[in-house]
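**Student:** got a sequence here, can you build the structure:
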Amino acid sequence: RIEGSVDVSALVDENGRVAEVTVLRAKPKNVGCEGAATQAVRSRRYRPGTKEGVPVKVWVTITVNFKRGR
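**Tutor:** Reported below is the predicted structural model:
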């Protein structure tokens, strides 16, 4: 039961799916949170970015927080 946070950079494609994920920072490091955060980000759908009303790929930064359960 670990508390911490992981910041990832995700490339959201025109359909709202995550095409790429890169871990930017993790606190604490190397305790498994990085993999769990990457999996969580990949499993969700997002609203794609738009340019002149047309959906486009966009890089976003997402923070995943881990808190102890009761």
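
**Student:** ok, which stretches of the chain are helices?
**Tutor:** Assigned by DSSP state H, the helices in the chain fall at 33-43.

**Student:** quick one: the strands in it?
**Tutor:** Secondary structure of the chain, counting by DSSP state E: strands at 4-12, 18-27, 49-51, 54-56, 58-66.

**Student:** for the second one, packing partners?
**Tutor:** In other words, strand 18-27. strand 4-12, helix 33-43 (3 or more Cβ pairs under 8 Å, 6 or more residues apart in numbering; DSSP states H and E). Where you see a C-beta, it was placed from the backbone N, CA and C, and this is true even at glycine.

**Student:** grab the most central residue of this protein for me.
**Tutor:** Nearest to the mean C-alpha position of the chain, by Cα atoms, centre = their mean, lies Val41 at 3.9 Å.

**Student:** contacting residues for it?
**Tutor:** Neighbour list for Val41: Val8, Ala10, Val18, Val21, Ile62, Val64 [criterion: Cβ atoms under 8 Å, 6 or more residues apart in numbering].

**Student:** distance check, the last one against Ser5.
**Tutor:** For Val64, the distance to Ser5 equals 7 Å [Cβ to Cβ, to the nearest Å].

**Student:** again, but for Val41
**Tutor:** Remark: distance between Val41 and Ser5 (Cβ to Cβ) = 13 Å.

**Student:** any shared contact partners between the two?
**Tutor:** Shared contacts of Val41 and Ser5 (Cβ under 8 Å, 6+ apart): Val64.

**Student:** just flag the most distant two among the contacts of Val41.
**Tutor:** Using Cβ to Cβ, the pair of the contacts of Val41 lying farthest apart is Val18 and Val64, separated by 12.6 Å.
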